[in-house]
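> Structure of the sequence below:
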Amino acid sequence: MDNTDSDLHYKLKLLMFSRVLFTSFLLGSTIIFQLGTSDSFLAASLLMLYGLIGGIFLLSCIYVILLAFIRDSLLFAYIQVAIDTGIVTLILFVTGGYASVFSFLYLVVIIYSSILLPRWGVLAIAAICSLQYGVMIDLEYFEIIKPMALEGSLSAVSFPGKSVLFKVMVTIIACFAVAILSGFLAEQTVKTKRELQVLEDQVKRVEKMAYMGEMAAGMAHEIKNPLASLAGSIQLLREDIQYDPYHDKLMQIALRETDRLSELVANFLLIARPQAGRIQTLDLRESILEVLELFEKNSDCASRISVSANMADGVWIEIDPVHFHQVFWNLLLNATEAIEQEGRIDIRLYEYKNNTAIMEIEDNGCGISEETLKLIFDPFFTTKATGSGLGLSIAHSILETYGYLLSVESTVSRGTVFTLRVNRAEPPQPVG
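Residues are numbered from 1 along each chain as shown. Model (predicted):
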């Protein structure tokens, strides 16, 4: 069960508890009120209220049992909310129909449905509530049904048709207005929660990199100096001793591996303490297109991967062009390696809030598991047969020096999206 489904599972449990508590309080207070105006505990209206409370308790028990076996929590949420709309309609019918004071319960159902369902689902629930209420009031007005009115209540028949129509229209408009507003607020809450999680992960990675920086600074010098001495000594030996093919081959291997170790130490130091670049104001769209032009010339990529770009104009950022090329190329290479056969890479660039911009690199490759996703920016971590596992770590560290934020979302077997959030800059002024 992933985090989204687990979160929905928890919300359903909370809904079941809240439903029983709220309904018991609401209907219980109505029973107490009715007992003050009724001579019998067995009045017809009270019997229906007893039955409603008992039915809701029974239904909640069934929900709890089913929840342990349900695989699709979202479908189960739809079923529960749809049934709740029917319960609200039944409550209105029992407590007076048109004259019932409980029509606001439709709005309550719509509000908590926005916590469980996507926006279009909330609108569907609003439509169901509106349909049920409109049909019930119409049937009552034309005396096809007769709600069980509470003491002193008047039916829809007692009011002019215009008044009945007005109340129905107000209720329907209120249902859709609340659906639109609550759906929007719920989406904003989810988006904010996701952004806070990304920032929290960023802070943890920065703290880890800071610790590694202290360690890498000392290790780099301790390792690079002996490597340089070793490489120089071997080079001198090659020049001084008599040539022997076998010995020369061994010395070449030693020199090659020494260079590889030196490069690895340099990369590790680059992760911990990225060098300051020559910052320029770049047109991000043009810079992306330049890298894509080189990327698409790669015969392996061009033959099996299609690249699409949907980018806004006029997005300028401040960064070293070499650094941007290195970061973007690394992200493209990572997306390419995630696609085993044929696939696609989608590049998106658009303006965002607070004078920032978003660049997204999405592939439809194998995806990344949740466990691996937590480690993807760690140095030397890789799931590939080849490679040092430093590419994404270097990209993350470089972007961190500019105050830019790199995050990733992925679904196994569906693909991965790397998201780069950058601060926008003013375009350079023309000279002269």
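> chain center to the longest helix along the chain, what's the gap?
The residue-count maximum for a helix in the chain (DSSP state H) belongs to helix 161-240. In terms of C-alpha atoms, centre = their mean, to the nearest Å, the gap separating the centre of helix 161-240 from the centre of its chain is 11 Å.
> helices or strands up against it?
In terms of contacts (3 or more C-beta pairs under 8 Å, 6 or more residues apart in numbering; DSSP states H and E), helix 161-240 is packed against helix 105-116, helix 119-141, helix 245-272, helix 391-401, strand 405-411. For the C-beta atoms, the positions are set from N, CA and C on the backbone; glycine is no exception.
> how is this protein carved up into domains?
What automatic domain parsing lists as the domains of the chain is 3-200, 216-272, 280-423.
> From one end of the last one to the other, what's the distance?
Distance between the boundary residues of domain 280-423 (C-alpha to C-alpha, to the nearest Å) amounts to 13 Å.
> per-residue confidence averaged over it?
Mean pLDDT, computed over domain 280-423, is 85.
> where's the closest residue to Leu116 other than its chain neighbours relative to Leu420, distance?
In space, and not counting its chain neighbours, Leu116 is closest to Ala77: 4.3 Å by C-beta to C-beta, 6 or more residues apart in numbering. Separation of Ala77 from Leu420 (C-beta to C-beta, to the nearest Å): 34 Å.
> and what of Cys61?
From Cys61 over to Leu420 the distance is 49 Å, taken as C-beta to C-beta.
> the more surrounded of those two?
Neighbour totals were compared for Cys61 and Leu420, and Leu420 leads with 22 against 12 (other C-beta atoms under 10 Å).
> sorry, back to before: okay, the helices and strands packed on helix 161-240 in a markdown table with mean neighbour count next?
What follows is the helices and strands packed on helix 161-240, written out as a markdown table (neighbours: other C-beta atoms under 10 Å):
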| stretch | mean neighbour count |
| --- | --- |
| helix 105-116 | 22 |
| helix 119-141 | 19 |
| helix 245-272 | 14 |
| helix 391-401 | 21 |
| strand 405-411 | 19 |
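> Comparing these, which yields the minimum mean pLDDT?
The bottom spot among the helices and strands packed on helix 161-240, by mean pLDDT, belongs to helix 245-272, with a mean of 75.
> Mind giving me the packing neighbours of it?
The elements that helix 245-272 packs onto, with contact taken as 3+ C-beta pairs under 8 Å, 6+ apart, are helix 161-240, helix 391-401.
> just those: most buried one?
helix 391-401 (a mean of 21; mean count of other C-beta atoms under 10 Å).
> And that one, what does it pack against?
On a contact count with 3+ C-beta pairs under 8 Å, 6+ apart, helix 391-401 meets helix 161-240, helix 245-272, helix 321-338, strand 405-411.
> switch the cut-off to 10 Å
Applying 3 or more C-beta pairs under 10 Å, 6 or more residues apart in numbering; DSSP states H and E, we find helix 391-401 packed against helix 161-240, helix 245-272, strand 316-319, helix 321-338, strand 405-411, strand 415-423.
> Let's have those in JSON lines, adding distance to Leu292.
Formatted as JSON lines, the helices and strands packed on helix 391-401 follow (distance: least, C-beta to C-beta, whole Å):
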{"stretch": "helix 161-240", "distance to Leu292": "26"}
{"stretch": "helix 245-272", "distance to Leu292": "25"}
{"stretch": "strand 316-319", "distance to Leu292": "17"}
{"stretch": "helix 321-338", "distance to Leu292": "8"}
{"stretch": "strand 405-411", "distance to Leu292": "19"}
{"stretch": "strand 415-423", "distance to Leu292": "15"}
